[in-house]
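A.B. asks: Structure for this input, please:
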Amino acid sequence: MTPKNKAQELVNSYRIILMNEDTECGNEILCTSIAKQCALIAVDQVIEMLNVVCESKSYDPFEAPMYDLKEWKQIKEEIEKL
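C.D. replies: Numbers count the residues shown, from 1 in each chain. Predicted coordinates for the structure are as follows:
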C-alpha cells in the first residue's frame, strides 16, 4: 500500500465513524477536518513509537514494523495534503 493510499484509508476510517455518529458532526466538511486531525494524531503516535524503537539498542531492522519511519512520515505528509 502506498503512503497516499494509507493516508486516505486512515482519514476515511475516522470520517466514517464521525459521519455515523448521531451528533452535529454530520457536516461532511467538518467530519473530514476532524478525521484528518485524528489521523495525524495517530500517525504522530506511531512515529514517536518508531523513534523510540529505532533508538533502542535491541532494534533489529530485519524485524521492522509493517511500515518504516520514513514511510510513516510520508503518510503524514499525504494526510496533510488531503
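A.B. asks: Name the single longest helix found in this protein.
C.D. replies: helix 28-55 (DSSP state H).
A.B. asks: Check which residues of the next helix or strand after it are buried.
C.D. replies: For helix 28-55, the following helix or strand on the C-terminal side (DSSP states H and E) is helix 69-81. Residues of helix 69-81 classed as buried by neighbour count (16 or more other CB atoms under 10 Å): 69, 71-72, 74-76, 78-79. The way it works is simple: take the backbone N, C-alpha and C, and place the C-beta from them, glycine included.
A.B. asks: which residues are in contact with helix 69-81?
C.D. replies: Helix 69-81 is contacted from outside by 3-4, 6-8, 10-11, 36, 39-40, 43-44, 46-47, 50-51, 54, 67, using CB atoms under 8 Å, 6 or more residues apart in numbering.
A.B. asks: one more time with 7 Å, if that's ok
C.D. replies: 3-4, 6-7, 10-11, 36, 39-40, 43, 46-47, 50-51, 54 (CB atoms under 7 Å, 6 or more residues apart in numbering).
A.B. asks: Just the buried ones from those, in ChimeraX syntax?
C.D. replies: Remark: buried members of these, expressed as a ChimeraX selection using 16+ other CB under 10 Å:
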select :3,6,7,10,11,36,39,40,43,46,50
